[in-house]
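Trainee: Turn this into a structure:
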Amino acid sequence: MRINLTKVAACSIVFLALFFSPRIFAQKALTTGTDIVAAINSDTTSSGTRNNTSYTLARGGVYFALGQIQNDFELTITATGDESLADPILIILVDASNNYSTPFKPYSNLTLEGIAINGVNSIGSKVSYIIEAGTTDIRISLKNCDIDSVNTAAVRVNQNYCSVYLEDCTIQNVANGGHTGRVIDARSTIMDTISIVNCTFYNVMHNVLGRFSGGQEYFKFDHNTVYNLMRCPLRIDVCPDVVVTNNLFLQTGFVGYTQYWETEFQAANANAMGSRDEFTRIELWPLDSLAAFKGMTQNIDFTNNNLWVDPTIEAQFPDTIYAYRNLDFEFEKAMVGADTLTWISEDVSFTNAPACDYITMAQECWKDGSPQTNPGFNNSGIPYDFSYSTSSASYTAATGGFPLGDLNWFPSKKAEWLVTDVKENETNNIPSSFSLEQNYPNPFNPTTVINYSIPKNSNVVLKVYNILGKEIATLVNGQQSAGSHNVSFNASNLASGVYFYSIQSDGFSSTKKMMLLK
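Mentor: Purely as a prediction, here's the structure:
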């Protein structure tokens, strides 16, 4: 069969323009005072196709959200401009009936970078969520974002097979009484990846991660600072690969738990099994608890963490109130060696941390086990500074001798950590960046090999499309370790012509063309 290469090239250009258009759209700058919901939702041509999928907000600017963005395209919103100015802030508006919407409900991947979001809307009420997943199998990525004052959760994931990435973020004042107040609320779902690195969370009523009756393939919680969290910081639930390293968990679980839960725990009752966040700081279930992960190998790294609660609080516990456990059941301890592991317990005395009336909150909880208000969180003294003395044991207790907790509070150490991370990757032959190589051979008949590299453990999706944009094959779809990888593509059942292969992994995307000649 003879191929008309001129027509193929023309078709290729059309295909790239139409099918992979999100990667070639220009960035659009939104001016301060803009309602970003209206601006983004209406940014289409007369035929309904997107003009832009990437937007910038100016530092020092104030922006608004009236209604909801339901993007069915890969949406990116980033801060731009003078870095000495404050991050652009997004304020949620109410309509004429004083109703508001969760501003982001993505139906495709969503990336926010350098954005501050105030969860107190324009009439002074805290909103329930900032982001709520709209469909399955999407990625929600937040980098260098600040989220303040949310009732229920900053991110709600109630759809299966989604991934959430938080990096260099600060999220605080997530509380609404009772057992409400989570940074990530992902109950009763099966997730792909949760990765939380170099973030600070404070004044949270329930969890950083709230899970039950579900799980995720990969969970990473590294170099984070968690402070003033009333109950269980991490409900990991079921997960084959778990990394919880180099963190500060200070003043977490400070309310203790009641005799009821101790009785349930000692009796190993089902009720206690289903509510372990009532008495443990880190909740993790065995893999056979969830059919999706049965038969897999469980890998766990719980090293180098600091868990501390002011002993003067626990000294005031009545006889019927018990201090939170670090870990709970014996299977968990057996997997990691011991309850103490390489953990330490130390008050690092932050440079300027938020105050909290711990006893008031605890006493209210002791009455019925579920306080309905949150009187103890005190937001005076802003801005806070979660750095601490270099003489603290925690300052050199992390992997590589770095400080425990969010390294953004130690900028010089953060820069050193980043350089060390790159050097370690080079030493271990781990690539320093994502890449997708040209297939070989090309042209091919009927098989070819596609090589790609990922610098860290990531979810990878690699697909093949025909000239019309129809998906032909999914070659890779799942979590892979850092390194160089290759996959073979057999096109024996396909006709000669031009095809495209596309990779997506942790915010990286790339597309290349290949030709099948029979």
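Trainee: which ones are touching residue 107?
Mentor: Shown in contact with residue 107 (Cβ atoms under 8 Å, 6 or more residues apart in numbering): 70-72, 134-135, 138. All C-beta atoms are positioned from the backbone trio N, CA, C, and that covers glycine.
Trainee: change it to 7 Å
Mentor: Counting by Cβ atoms under 7 Å, 6 or more residues apart in numbering, residue 107 makes contact with 70-72, 134-135.
Trainee: Of those residues, grab the buried ones for PyMOL.
Mentor: A single PyMOL command selects the buried members of these (16 or more other Cβ atoms under 10 Å):
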select buried, resi 70+71+134
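Trainee: Secondary structure element for residue 166, which one?
Mentor: Following DSSP states H and E, the helix or strand that holds residue 166 is strand 163-167.
Trainee: which residues of the chain score low on pLDDT?
Mentor: Low-confidence segments of the chain, defined by pLDDT under 70: 1-26, 178, 268-274, 328-342, 369-375, 419-429.
Trainee: Nearest residue to the middle of it?
Mentor: Among the residues of the chain, the one closest to the centroid is residue 165, at 2.8 Å (Cα atoms, centre = their mean).
Trainee: Look up which residues are beta-bridged to that residue.
Mentor: Residue 165 has these beta-bridge partners by DSSP bridges: residue 141, residue 195.
Trainee: just checking, it touches residue 192?
Mentor: No - at 10.7 Å, residue 165 and residue 192 do not qualify as touching, with contact defined as Cβ atoms under 7 Å.
Trainee: residue ranges for the helices of the protein, please.
Mentor: 5-19, 36-41, 259-267, 270-274, 311-314, 330-336, 358-368, 411-427 (DSSP state H).
Trainee: Would you mind splitting this protein into its domains for me?
Mentor: 128-427, 435-516 (automatic domain parsing).
Trainee: Run through the residues that contact residue 148.
Mentor: Taking Cβ under 7 Å, 6+ apart, we find residue 148 in contact with 118-119, 172-173.
Trainee: cutoff 10 Å now
Mentor: Counting by Cβ atoms under 10 Å, 6 or more residues apart in numbering, residue 148 makes contact with 89, 116-120, 126, 154, 170-174, 203, 379.
Trainee: what does residue 184 give?
Mentor: Contacts for residue 184 were tallied using Cβ under 10 Å, 6+ apart; they are 131, 140, 153-157, 164, 166, 171, 191, 194, 196, 207-211, 235.
Trainee: that older thread, of the contacts of residue 148 - the most surrounded one?
Mentor: For the contacts of residue 148, the largest number of neighbours (other Cβ atoms under 10 Å) sits with residue 174, at 31 neighbours.
Trainee: residues touching it, list them.
Mentor: The neighbours of residue 174, taking Cβ under 10 Å, 6+ apart as the test, are 119, 126, 147-154, 180-183, 185, 201-208, 229, 374, 377.
Trainee: and if you look at residue 224?
Mentor: Shown in contact with residue 224 (Cβ under 10 Å, 6+ apart): 166, 169, 196-201, 208, 233-234, 244-249, 305, 404-407.
Trainee: Start and end of stretch 145-155, how far apart?
Mentor: Chord length of stretch 145-155, first to last residue, is 13 Å (Cα to Cα, to the nearest Å).
Trainee: oh, I was asking about stretch 81-94
Mentor: End-to-end distance (Cα to Cα), stretch 81-94: 29 Å.
Trainee: Please state the offset of it from the chain centre?
Mentor: Offset of stretch 81-94 from its chain centre (Cα atoms, centre = their mean, to the nearest Å): 21 Å.
Trainee: Could I get the full set of strands for the stretch 251-400 of the chain?
Mentor: With DSSP state E, counting those that start in this stretch, the ranges of strands along the stretch 251-400 of the chain come out as 257-258, 282-285, 299-301, 306-308, 321-322, 355-356, 377-378.
Trainee: Among the ones you listed, which comes closest to residue 366?
Mentor: Nearest of the strands of the stretch 251-400 of the chain to residue 366, taken as Cβ to Cβ: strand 321-322 at 5.9 Å.
Trainee: Paired strands for that closest one, with orientation please.
Mentor: strand 257-258 (antiparallel).
Trainee: how far is stretch 27-37 from where the chain is centred?
Mentor: 25 Å.
Trainee: Going by neighbour count, list what's buried in that stretch.
Mentor: Residues of stretch 27-37 classed as buried: 30, 34-37 (neighbour count, 16+ other Cβ under 10 Å).
Trainee: ok, for residue 212, nearest residue in space, not its chain neighbours?
Mentor: residue 187 (5.6 Å; Cβ to Cβ, 6 or more residues apart in numbering).
Trainee: From residue 404, how far out is residue 76?
Mentor: Distance, residue 76 to residue 404, by Cβ to Cβ, to the nearest Å: 32 Å.
Trainee: Of the two, give the one with the bigger neighbour count.
Mentor: Neighbours of residue 76 and residue 404, each counted by other Cβ under 10 Å, are more numerous for residue 404; the result is 29 against 20.
Trainee: Looks like that one contacts residue 417 (just checking).
Mentor: No - using Cβ atoms under 10 Å, residue 404 is not in contact with residue 417, being 12.0 Å away.
Trainee: Give the intersection of the neighbour lists for these two.
Mentor: Common neighbours of residue 404 and residue 417 (Cβ under 10 Å, 6+ apart) are 223, 246, 398.
Trainee: Now do the same contact list for the last one.
Mentor: Counting by Cβ under 10 Å, 6+ apart, residue 398 makes contact with 222-223, 245-248, 303-306, 404-405, 407, 413, 417.
Trainee: If we use 7 Å, what do you get?
Mentor: 223, 246, 304, 404.
Trainee: Which members of the residues you listed are the farthest-apart pair?
Mentor: Maximum distance among those (Cβ to Cβ): 9.6 Å, for 223 and 304.
Trainee: what do these two both touch?
Mentor: By Cβ under 7 Å, 6+ apart, the residues touching both residue 223 and residue 304 are 246, 398.
Trainee: what's across from the nearest residue to residue 441 once chain neighbours are set aside in the sheet?
Mentor: Counting by Cβ to Cβ, 6+ apart, residue 441 lies nearest to residue 448, which is 6.1 Å off, once chain neighbours are set aside. Bridge pairing for residue 448 (DSSP bridges) gives the partners residue 489.
Trainee: again, but for residue 461
Mentor: When assigned by DSSP bridges, residue 461 has beta-bridge partners residue 477, residue 504.
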